[in-house]
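Enquirer: fold the following.
(one chain, ligands or ions: 1)
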Amino acid sequence: MPRERTIFLIDGQSFYASVEKAAHPEYRNKPVAVGDPERRSGIILAACPMAKEKGVTTASRVFEALAVCPDLVIIRPRMQRYITVSLLITEIFESFTDQVEPYSIDEQFLDVTGSLDHYGTAEELAYNIQTRVQLSTGVWSRVGIGPTKILAKQATDNFSKKRPDGIFRLDYDNIERELWTLPVHKMFMVGSRMTQHFMYMGLNTIGDIARMPLADFKRRMRQRMGKQSDIQAEYYWQTARGIDPSPVVASIRGDLKSVSHGKTLRASLYRKLVDIEVVLLELVVEVCRRARRLGYQGRVIFVGAAETDGQRSSGFGRQMTLPQPTSLTHEIASAARKLFIDNWHGLPLSHLYISLTQLSDDSTYQLTLFDDRAAAYDIERTTDAIKDRYGSGAIMRASSLLSSGVARERTEQIGGHYK
Ligand SMILES: [Mg+2]
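Expert: Okay, here's the model as predicted:
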């Protein structure tokens, strides 16, 4: 029996604002927010605790923030700096454990199971890390501790953030008392749409879901949401119970100028567009998922291909600037497909490569999304979370991305790959 894991989810409080406050000691005792001071209708991206106390909220408008807090110092965002500080924090975490997984620009998972012998209890280690990060960057860390990623995450979101010491442990001994008594919308990945479904089903607290036998919950979900809801039902039921076997995966962030993925192919098998599109889509799905995991969106999509028929060789590398930054699979898939079709010389393909560049932080941008794109992001993030837990085969993306008839045919061509 392997010993129970100890996982941290560490969140940087008011991340951008904290970075700016550290960079501007002259504002130490002033309320500080990050936003565009020249655009009164622009959005406040982050506010320091002092500003929040005065009523400034993230995602409010600049003029609204100034109305409640006239002496607010508003600093223009410097994304590259926030990315640099985020990386610095990753490096600090890596001095405590080699298993560090950035989840977004200001949240990272750590598996510290192997570090506890050296650093004492999980709480002592958490305190140690908080101190190091604060001294090096000025950012105050909130640490959620749990035996699984899903419990660590829910510990941070619901409890650590509200505590003065910023540390909370959620495990199977206190889950019933702490997590199950919370309203259902406090559960991870439950947005307003799912909350509504659960309300209609008479499920008001997280415990209402957790206490139900899985088979009953699946049946209720099917009645409400249709036959396709089984995997979602399982996901939410496990989330309520804190079950999550997915490991903390140390990811290589590279130079952060791009998120890319490529594949070398057996050219004899990739002569037809219909076959090539399958690989193209796989690459897009992977690039988008990585980008979302890192908390990025990109504006420029690049497609590169090497072509050969054994005698002649050709190839191309072309990029396209999208109207707005994105990490939505269907948006990038259609751009990549167009780039490919417009530039392919028609020879069999021996290599295909995709990258997303001109990256920006997606949390900034999501505050300004219109409803339909925000909903698309919700769905993709839920899909990501399900894949993280059950593996990539859990949800077949292709059918929703491509026109249905062709998709079915293509899925068959992939054969066991997606199964
Ligand atoms: Mg944060």
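
Enquirer: residues contacting Thr264?
Expert: 350-351 (CB atoms under 8 Å, 6 or more residues apart in numbering). Where you see a C-beta, it was placed from the backbone N, CA and C, and this is true even at glycine.

Enquirer: in the sheet, who's paired with it?
Expert: Under the criterion DSSP bridges, Thr264 forms beta bridges with His351.

Enquirer: for Pro102, same thing?
Expert: The partner residues for Pro102, given DSSP bridges, come to Gln108.

Enquirer: which residues touch the helix or strand containing Ala333?
Expert: Under the criterion of DSSP states H and E, Ala333 resides in helix 329-343. Helix 329-343 is contacted from outside by 273, 276-277, 280-281, 283-285, 287-288, 301, 303, 305, 316, 318-320, 322, 326, 354, 356, 376, 380, 397, 400-401, using CB under 8 Å, 6+ apart.

Enquirer: for the record, mean pLDDT for the longest helix along the chain?
Expert: Taking DSSP state H as the criterion, the chain has its longest helix at helix 273-294. Averaging pLDDT along helix 273-294 gives 86.

Enquirer: so which bits of that helix are buried?
Expert: Neighbour-count burial for helix 273-294 flags 275-294 (criterion: 16 or more other CB atoms under 10 Å).

Enquirer: with stretch 383-391 instead?
Expert: 383-390.

Enquirer: of the residues you listed, which belong to helices?
Expert: Reading helices off those with DSSP H, I get 383-390.

Enquirer: of the residues you listed, which is the nearest to Ala215?
Expert: Tyr390 (18.2 Å; CB to CB).

Enquirer: next one: that closest one from Asn158, what distance?
Expert: As judged by CB to CB, to the nearest Å, Tyr390 and Asn158 stand 24 Å apart.

Enquirer: again with Leu72
Expert: 28 Å.

Enquirer: look at these two and report which has more neighbours.
Expert: Neighbours per residue, other CB atoms under 10 Å: of Leu72 and Asn158, the larger number sits with Leu72, 24 against 19.

Enquirer: Gln297: what secondary structure?
Expert: Following DSSP: H, G, I helix; E, B strand; the rest coil, Gln297 is assigned to strand.

Enquirer: tell me where the stretch 51-200 of the chain has helices.
Expert: Taking DSSP state H, counting those that start in this stretch as the test, the helices found in the stretch 51-200 of the chain are 62-68, 79-94, 116-119, 122-137, 149-158, 175-178, 192-200.

Enquirer: point out the residues in the stretch 51-200 of the chain that sit beside the ion.
Expert: Residues of the stretch 51-200 of the chain found near the ion (CB under 5 Å from the ion) are Asp106.

Enquirer: quick check: the residue of the stretch 51-200 of the chain nearest the ion.
Expert: Asp106 (4.2 Å; CB to the ion).

Enquirer: over to the stretch 201-350 of the chain?
Expert: Closest point on the stretch 201-350 of the chain to the ion, by CB to the ion, is Gly295, at 10.9 Å.

Enquirer: tell me the domain ranges of the chain?
Expert: 1-171, 178-241, 258-417 (automatic domain parsing).

Enquirer: list the buried residues of stretch 67-75.
Expert: Quick answer for stretch 67-75 (16+ other CB under 10 Å): 69, 72-75.

Enquirer: now swap in stretch 86-94 and tell me
Expert: 86, 89-90, 92-93.

Enquirer: tell me the one among those nearest to Phe198.
Expert: Ser86 (33.7 Å).

Enquirer: enumerate every residue touching that closest one.
Expert: By CB under 8 Å, 6+ apart, the residues touching Ser86 are 12, 15, 102, 105-106.

Enquirer: now for the helix or strand in which Phe302 is found, which elements pack on it?
Expert: Phe302 belongs to strand 296-308 when elements are defined using DSSP H and E. Judged by 3 or more CB pairs under 8 Å, 6 or more residues apart in numbering; DSSP states H and E, the packing partners of strand 296-308 are strand 258-264, helix 273-294, strand 313-326, helix 329-343, strand 349-357, strand 360-361, helix 362-366.

Enquirer: the ones you listed: lowest mean pLDDT?
Expert: Per-stretch mean pLDDT for the helices and strands packed on strand 296-308 is lowest at helix 362-366 (a mean of 63).

Enquirer: tell me the spacing between Ala233 and Glu277.
Expert: Distance from Ala233 to Glu277, by CB to CB: 32 Å.

Enquirer: sketch out the low-pLDDT regions of the chain for me.
Expert: In the predicted model, the chain carries pLDDT under 70 at residues 1-3, 251-256, 363-371, 391-419.

Enquirer: give me the residue at the spatial middle of it.
Expert: Central residue of the chain (CA atoms, centre = their mean): Arg293, 3.8 Å from the mean position.

Enquirer: so it touches Asp384, yeah?
Expert: Yes - the pair Arg293 / Asp384 is scored as a contact, 6.9 Å apart, by CB atoms under 8 Å.

Enquirer: with just CA atoms, put stretch 148-155 into CSV.
Expert: C-alpha atoms of stretch 148-155 as CSV (Å, rounded to 0.1, in the frame of the first residue of the first chain):
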residue,chain,number,x,y,z
THR,A,148,-5.4,14.6,-3.6
LYS,A,149,-5.2,17.6,-6.0
ILE,A,150,-9.0,18.1,-5.9
LEU,A,151,-9.0,18.3,-2.1
ALA,A,152,-5.9,20.7,-2.1
LYS,A,153,-7.6,22.9,-4.6
GLN,A,154,-10.9,23.0,-2.7
ALA,A,155,-9.0,23.6,0.5
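
Enquirer: centre of the chain to that stretch, how far?
Expert: Stretch 148-155 sits 14 Å away from the centroid of its parent chain (CA atoms, centre = their mean, to the nearest Å).
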